[in-house]
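have a look; sequence and predicted model below, questions after that.
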Amino acid sequence: GNLENTIEVVLKESPLLMNNQILPNTSLSITPPPLKLGSFLERVKGALADAWWKFTTGSWDLFRFRFLVRASDEQLQREGLRRAISAFYNAVERVPAYACFYRSHLKKEDGTEVMPRQFQEIPETGKKEYIQQKDMRWNEFFLDGRIPQTGQIDSTSGTTGEPVVWARSQEELSVTQKLMSFARRAKFGTDDVCLINTFALGPWATGVTLAGAGPQQALTFNPGTTGNFIEATLGYLKKIPEDRTIVLFGYPPNIRKIAEAIQADTVLSGKNLKLQAIVGGEGMSEDLRQDILDKGFSGVFSSYGASDLDINIGNETDTEIAIRKACIQNPALAKELYGGGPPPMIFHYDPLHYYIEANKDGELVFTCCRKERASPRIRYNLHDTGKVMMAKDVVAILKKYGVDITPRVNLPFVFVHGREGAVNF
């Protein structure tokens with residue numbers, strides 16, 4: 001009645017609803033909307049976009065409502081960029097290390113600093129370029145120059161040098177946990193679920209974050225990657241009722257080892273287990289996915305993130321898997337979509353959560369739009385090669401080759417080819 005009419009009017013008027021080295025194919029890659037930095041009007045619209053995000057992440061029903069509204073692909077990019085710009089100003093004004101980094105990288109003409117006019121002109125940050133600045137104290141990388149009083153400390157693996165230590169505030173962890181609960185609800189509904197976390201524990205970001213968030217989503221077991229993690233997992237599986245959905249989290253090769261062990265176990269092989277897997281830490285071929293499925297799993301999906309950033313930035317669903325399979329079957333489609341060759345990992349992502357760009361070198365650049373993040377990430381380059389595309393452009397290319405795949409939501413896609421010496425999950 002009146003409420004529905006009011007919502008309809010608000011929505012119509014609201015500005016919020018308007019490998020391998022990558023090959024040199026950037027066709028239809030997303031071009032950032034031409035929003036001017038320094039515009040008072042754009043800052044107001046950015047504040048409105050922030051308010052819209054906060055409102056629609058207040059509950060599962062409100063979160064669903066946002067996607068039922070179905071803003072256009074262009075509107076999603078515009079509002080994501082507005083949130084990214086808002087996050088940029090927040091970092092400049094509140095993070096001492098970022099303010100220093102930003103000003104030291106401004107171009108100068110006749111001795112005068114030249115302010116960037118577009119978001120893509122803001123200097124990129126990164127682990128080496130920004131986080132590992134030797135002349136900055138650790139606290140200066142956090143909001144208001146203060147290390148969080150409560151929260152979590154974790155680190156990188158250190159595979160490319162000295163490990164980098166991160167601190168996440170309890171406030172940002174709460175947001176991460178809430179978004180995880182939405183992802184769980186979207187995939188498994190209200191079913192009872194058991195989670196088994198076989199990512200590395202200790203100080204490593206993925207495993208410890210999942211260990212903290214898991215118990216709020218489901219009954220959770222954290223064997224990690226200890227020497228007996230397979231035996232520990234099998235022992236736990238024997239105690240779970242067969243009517244429970246069991247979701248294993250871990251690196252793809254480890255999930256395959258567990259699948260093989262289940263098949264070889266005389267007790268578990270005779271059970272009708274409801275097994276699914278969420279994998280990360282490295283790319284996964286379709287042959288490996290199929291091998292795990294053939295060993296008794298009903299679903300195997302990848303998740304994308306980074307210890308520098310967050311877990312679960314990008315999600316893989318049946319849609320992305322179908323696109324990868326279509327590219328394997330059709331080399332011409334693969335060449336037009338991402339440059340050809342074996343398919344990269346493909347994920348959809350929410351640009352109001354993370355605004356993602358591809359720079360001129362074909363590297364992905366990330367901006368965390370959430371102001372709860374204790375140590376903001378603005379135009380952060382992981383040195384992953386890839387590209388980003390709007391959903392409608394991907395669908396159009398697929399149809400050109402006779403492939404009819406319609407995503408459930410029109411969130412953009414990120415194609416990830418690989419990374420230099422870092423861990424993704």
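Done, it's in.

you'd agree Leu293 is up against Val300?
Yes - counting by C-beta atoms under 8 Å, Leu293 does reach Val300; the two are 6.1 Å apart. Just so you know, the C-beta spots here come from the backbone N, C-alpha and C atoms, and that holds for glycine as well.

between the two, who's got more neighbours?
For Leu293 versus Val300, the count of surrounding residues by other C-beta atoms under 10 Å is larger for Val300: 24 against 15.

report the helix or strand with the lowest average pLDDT across the chain.
When each helix and strand of the chain is scored by mean pLDDT, DSSP states H and E, helix 2-13 comes last, with a mean of 36.

and Ile356, helix, strand or coil?
Three-state assignment for Ile356 (DSSP: H, G, I helix; E, B strand; the rest coil): strand.

quick one: contacts for Leu411?
Leu76, His348, Tyr349, Asp350, Pro351, Ala391 (C-beta atoms under 8 Å, 6 or more residues apart in numbering).

repeat that for 7 Å
Contact analysis of Leu411 by C-beta atoms under 7 Å, 6 or more residues apart in numbering lists His348, Tyr349, Asp350, Ala391.

now do Leu275
By C-beta under 7 Å, 6+ apart, the contact set of Leu275 is Ile246, Gly296, Phe297, Ser298.

pull out the buried members of the residues you listed.
Ile246, Gly296, Phe297 (16 or more other C-beta atoms under 10 Å).

for the first one, helix, strand, or coil?
I take that to be Ile246. strand.

distance-wise, check it relative to Arg184.
13 Å (C-beta to C-beta, to the nearest Å).

what's the span of stretch 335-345 from first residue to last?
The first residue of stretch 335-345 is 15 Å away from its last residue (C-alpha to C-alpha, to the nearest Å).

buried stuff in that stretch?
Buried, per 16+ other C-beta under 10 Å, within stretch 335-345: Glu336, Leu337, Tyr338, Gly339, Pro343, Pro344, Met345.

any stretches of this structure with poor pLDDT?
Along the chain, the parts satisfying pLDDT under 70 run over 1-28, 157-161, 202-203, 419-425.

what ranges do the helices span in it?
2-13, 40-56, 60-69, 73-94, 96-104, 170-188, 205-217, 229-237, 252-264, 286-294, 318-329, 331-338, 391-400 (DSSP state H).

Val409 - nearest residue in space that isn't next to it in sequence?
Phe67 (5.3 Å; C-beta to C-beta, 6 or more residues apart in numbering).

residues contacting stretch 120-136, please?
32, 88, 97, 101-102, 105, 116, 164, 308, 357, 365, 378-381.

among these, which two are most distant?
Spatial extent of these (C-beta to C-beta) is set by the pair Pro32 and Val164 at 28.4 Å.

coming back round to it: quick one: which of the buried ones among the contacts of Leu275 is nearest Ala71?
For those, the nearest to Ala71 is Phe297 (34.7 Å; C-beta to C-beta).

hang on, that closest one packs against Val279?
No - the pair Phe297 / Val279 is not scored as a contact, 10.5 Å apart, by C-beta atoms under 7 Å.

ok, and the closest non-adjacent residue to Phe188?
Nearest non-adjacent residue to Phe188 (C-beta to C-beta, 6+ apart): Thr245, at 6.0 Å.

and Leu41, how close does it get to Arg82?
For Leu41, the distance to Arg82 equals 11 Å [C-beta to C-beta].

so the two - more neighbours on which side?
Taking other C-beta under 10 Å, Leu41 and Arg82 do not tie; Arg82 has more neighbours (28 against 10).

which ones are touching that one?
With contacts defined as C-beta under 7 Å, 6+ apart, Arg82 is in contact with Leu35, Glu42, Lys45, Gly46, Ala49.

these: which two are farthest apart?
That would be Leu35 and Ala49, which, of these, are the farthest apart (C-beta to C-beta) at 11.0 Å.

the more surrounded of those two?
Between Leu35 and Ala49, counted using other C-beta under 10 Å, the more crowded position is Ala49 (24 against 18).

kind regards, and thank you for your time.
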